[in-house]
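[1] Return a 3D structure for these sequence lines:
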Amino acid sequence: MPALLGLLVLLLVGFTGWQALQAKTELEKVAGDFDALGGQIASGDLPAARATLAEAQTNARASVRHTRGPGWWVAARLPQLGPNVEAIRTVAGTTQRLADGVLPDVVSTAATLSPDSLRPVDGRIDLAPIAASEPAVVRAASRLATESDRVQRIDPTPLVTQIAAPVEELQTRIADAADLADRASRAVRLLPPMLGGDGRRTYLFLFQNNAEVRATGGIPGAFATITADRGRLTLGRQDDARTIGEFRRPPTPLTAEERAVFGPGLGLFPQDVNFTPDFPRSAQLVSGMYRATNRRTVDGVVSVDPVALSYLLRGTGPVRASGRELTADNAVQLLLSQVYADIADPDRQNVFFDAAARSVFDAVSSGTGDPRTLLEGLVTSASERRLLVWSAHPGEQRLLAPTALGGGLAAHDPHAPQVGVYLNAALPYKLDYYLDHEVAVRSVSCVGDRQQLTTTVTLRSTVPKDLSSLSEYVAPRAVPLFGAGTIATTVYFFAPEGGSLRWLSVDGEREKVVRQSLDGRTVFARTITLKRGQQRSLTVDVLAGPGQTGTPEVRTTPGVRSTGLGAIQTSACS
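    Numbers count the residues shown, from 1 in each chain. As a prediction, the model looks like this:
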């Protein structure tokens with residue numbers, strides 16, 4: 001009898017192995033279907049997408065059928081074989097649920113919502129397709145998040161290579177898809193009300209000038225209002241910070257930590273509201289100043305920099321501003337450097353800045369150019385933290401906060417240590433056009449559930465040796481204590497939440513530092529001077545918070561040539 005039972009088990013397992021091969025074949029077909037479907041949706045070929053979806057559903061259901069039966073039950077309980085069996089069954093089940101429960105919503109949404117449907121017509125964006133797509137997009141995002149969580153729970157360690165490799169690839173791809181779906185879900189819920197679908201909205205628009213660096217990018221050199229009414233956007237009069245004014249007392253009180261880390265100017269001068277890298281806080285401060293001066297409240301704050309404008313110009317094509325042609329290739333150099341050489345009067349400079357911003361705004365709001373390229377420009381601007389948005393409406397702000405658009409200081413992945421490296425100009429000149437900076441985070445070791453990291457920022461001055469080509473406004477010839485052409489920058493290091501900063505070295509030499517804190521995070525600050533052509537580096541030893549064993553994240557100030565993203569290394573705990 002035992003021999004008979006053993007033979008039966010062998011037969012069941014052998015039959016299961018044959019079924020597994022069939023399941024593998026069907027899953028490979030589904031993977032091909034999913035790839036084809038993505039391309040068809042991206043190209044707008046919806047008839048082909050619907051046909052591919054039907055084929056994917058058939059193949060996915062077949063893969064699930066091949067993972068059922070008594071042989072699978074037995075195989076799942078055998079040593080070594082069990083985890084592989086369970087992994088195959090989980091992947092097959094997830095594939096079917098994606099094909100039947102997620103992708104139909106994706107295809108139906110693609111039929112009503114596309115880059116072309118978002119193109120403004122007569123200065124107005126049609127909000128109806130966005131609102132109509134909300135139920136399907138939100139539903140798909142929720143289901144995709146559930147399936148991603150299910151797949152992430154598969155431990156690839158005990159799996160054979162033939163199964164582990166595709167499982168790990170699936171984990172990465174489904175996590176990326178879930179993240180994209182989450183962003184789409186937030187967008188369809190935010191855009192209709194924020195674009196005035198439920199009533200007129202007014203936003204304060206900040207134009208950040210990276211030639212004088214601030215933690216979120218650059219000094220707010222120009223301000224304007226934008227109104228949104230049922231999808232129609234209107235840019236109001238543009239002025240500089242003087243129209244908002246300076247204050248003896250902050251309209252929005254600062255915390256003791258903010259005063260200690262950034263100084264009182266954070267709450268007194270509109271040019272300094274983004275000394276803090278926390279954009280929602282900057283937006284609160286500047287909207288409070290605007291309210292104090294104009295006796296009007298705003299529904300939110302939107303900020304861009306010249307690099308973001310250059311990305312938008314890729315989609316709109318060239319525009320004219322004060323008799324000059326502004327293109328994707330020359331916008332940054334023209335707005336952050338050449339204008340100061342050509343126009344000495346700051347008031348006339350502001351006239352040109354206003355004309356440039358208005359020309360790009362008019363091109364975007366009129367639907368000029370390629371909507372797909374324009375959308376890509378918006379996405380790139382947000383990912384590099386050059387396009388930032390804050391809403392005064394709490395429900396909307398909760399949706400914005402975890403996104404790149406939100407520009408917040410808080411980390412949103414409890415398992416990933418987030419390091420911050422931010423820059424503020426220490427001299428009030430426009431030399432930071434010639435400042436390059438790079439940030440790299442390396443995971444050195446993993447002890448228990450904590451990582452040790454080293455964070456290095458390299459600063460480089462590209463100020464020309466001959467200053468004659470630069471105006472006095474950009475590079476004054478008499479700068480006491482520093483010298484002409486010197487860049488002075490205060491670098492702020494932020495530890496991960498629950499972590500710490502342990503030591504700082506400058507150009508390889510250890511230094512004593514004063515530890516400060518802001519919103520529960522340890523902060524180091526060090527002012528660095530750079531002579532023309534000089535390069536210097538700062539390195540900080542970082543201890544991540546408990547449980548932060550994932551791949552480190554780094555956020556930094558977006559510069560003229562540097563993005564708001566740094567180089568990172570895989571976690572030493574992985």
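[2] What is the neighbour count of residue 234?
    Neighbours of residue 234 under the rule other Cβ atoms under 10 Å: 13. Yep, even glycine has a C-beta here, placed from its N, CA and C like the rest.
[3] hmm, I was thinking of residue 48
    15.
[4] Am I right that it falls within a strand?
    No. Assignment of residue 48 by DSSP: H, G, I helix; E, B strand; the rest coil gives helix, placing it outside any strand.
[5] I'd say it and residue 41 touch.
    No. At 9.4 Å, residue 48 does not count as touching residue 41 under the criterion of Cβ atoms under 8 Å.
[6] anything in contact with each of these two?
    Shared contacts of residue 48 and residue 41, defined by Cβ atoms under 8 Å, 6 or more residues apart in numbering, are absent.
[7] So residue 449 sits against residue 546, correct?
    Yes. Counting by Cβ under 8 Å, residue 449 does reach residue 546; the two are 5.6 Å apart.
[8] and residue 454, bridged to which residues?
    On the basis of DSSP bridges, residue 454 is bridged to residue 442, residue 541.
[9] Distance-wise, check it relative to residue 491.
    With the distance defined as Cβ to Cβ, to the nearest Å, residue 454 ends up 15 Å from residue 491.
[10] More neighbours: which of those two?
    residue 491 (25 against 16).
[11] Count residues in the vicinity of residue 61, would you?
    Residues near residue 61, counting by other Cβ under 10 Å, number 17.
[12] so where does the nearest residue to it once chain neighbours are set aside fall, helix or strand?
    Once flanking residues are discounted, residue 61 sits nearest to residue 96: 5.8 Å by Cβ to Cβ, 6 or more residues apart in numbering. Assigned by DSSP states H and E, residue 96 belongs to helix 81-101.
[13] helices and strands around that helix, which ones?
    helix 2-43, helix 46-65, helix 70-75, helix 128-152, helix 161-194 (3 or more Cβ pairs under 8 Å, 6 or more residues apart in numbering; DSSP states H and E).
[14] so for the longest one, what's the average pLDDT?
    If you average the pLDDT over helix 2-43, you get 56.
[15] Equivalent analysis for the fourth one, please.
    The predicted model gives helix 128-152 an average pLDDT of 94.
[16] now the helices for the stretch 201-350 of the chain?
    In the stretch 201-350 of the chain, the helices defined using DSSP state H, counting those that start in this stretch lie at 256-262, 265-268, 279-294, 306-316, 331-333, 339-342, 346-365.
[17] So the residue nearest to residue 61 sits against residue 62, correct?
    No. Residue 96 is not in contact with residue 62 according to Cβ under 8 Å; the separation is 9.3 Å.
[18] Which residues are in contact with each of these two?
    In terms of Cβ under 8 Å, 6+ apart, residue 96 and residue 62 are not both contacted by any residue.
[19] ok so, going back, tell me which of the helices of the stretch 201-350 of the chain lies nearest to residue 239.
    With Cβ to Cβ as the measure, helix 346-365 is the member of the helices of the stretch 201-350 of the chain nearest residue 239 (7.8 Å).
[20] and residue 29, how many neighbours does it have?
    Neighbours of residue 29 (other Cβ under 10 Å): 17.
[21] what residues are up against it?
    55, 59.
[22] 6 Å - rerun?
    Contact analysis of residue 29 by Cβ atoms under 6 Å, 6 or more residues apart in numbering lists residue 59.
[23] Kindly report the same for residue 538.
    By Cβ under 6 Å, 6+ apart, the contact set of residue 538 is 457, 491, 506.
[24] Which ones among those map onto strands?
    Secondary structure from DSSP state E places 457, 491, 506 of the contacts of residue 538 in strands.
[25] Relative to residue 214, which of those residues is nearest.
    residue 491 (12.9 Å).
[26] so who does the closest one touch?
    Counted by Cβ under 6 Å, 6+ apart, residue 491 has contacts 423, 526, 538.
[27] Quick check: the gap between it and residue 506.
    10 Å.
[28] How about residue 246?
    34 Å.
[29] Likewise for residue 350?
    Noted for residue 350: a distance of 37 Å to residue 506, by Cβ to Cβ.
[30] what ranges of the stretch 51-200 of the chain fall below the confidence cut-off?
    By pLDDT under 70, the low-scoring segments of the stretch 51-200 of the chain are 68-78, 80-81.
[31] could I get the helices and strands packed on helix 81-101 as JSON lines with distance to residue 364?
    Formatted as JSON lines, the helices and strands packed on helix 81-101 follow (distance: least, Cβ to Cβ, whole Å):
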{"stretch": "helix 2-43", "distance to residue 364": "22"}
{"stretch": "helix 46-65", "distance to residue 364": "27"}
{"stretch": "helix 70-75", "distance to residue 364": "56"}
{"stretch": "helix 128-152", "distance to residue 364": "17"}
{"stretch": "helix 161-194", "distance to residue 364": "15"}
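[32] Out of those helices, flag the one nearest residue 327.
    It is, among the helices and strands packed on helix 81-101 and with distance given as Cβ to Cβ, helix 2-43, at 26.8 Å.
[33] Nearest spatial neighbour of residue 353, chain-adjacent residues omitted?
    residue 222 is the one closest to residue 353 (Cβ to Cβ, 6+ apart), at 5.2 Å.
[34] partner residues bridging that neighbour?
    Counting by DSSP bridges, residue 222 is bridged to residue 207.
[35] residue contacts, it?
    Taking Cβ under 6 Å, 6+ apart, we find residue 222 in contact with 207, 238, 240, 353.
[36] State the distance from it to residue 306.
    11 Å.
[37] where does the closest residue to residue 409 other than its chain neighbours fall, phi/psi-wise?
    Excluding its sequence neighbours, the residue lying closest to residue 409 (Cβ to Cβ, 6+ apart) is residue 278, at 3.8 Å. Phi and psi for residue 278, reported as degrees, to the nearest 10, are phi -90, psi 100.
[38] Give me the neighbour count for residue 278.
    Per other Cβ under 10 Å, the neighbour tally for residue 278 reads 23.
[39] do the same with the one 3 residues further on
    Applying the criterion other Cβ under 10 Å, we find 23 residues in the vicinity of residue 281.
[40] Same check on residue 488?
    Number of residues near residue 488 (other Cβ under 10 Å) recorded here: 18.
[41] Leaving out sequence neighbours, find the closest residue to it.
    Residue nearest to residue 488 in three dimensions, not counting chain neighbours: residue 426, with 3.8 Å by Cβ to Cβ, 6+ apart.
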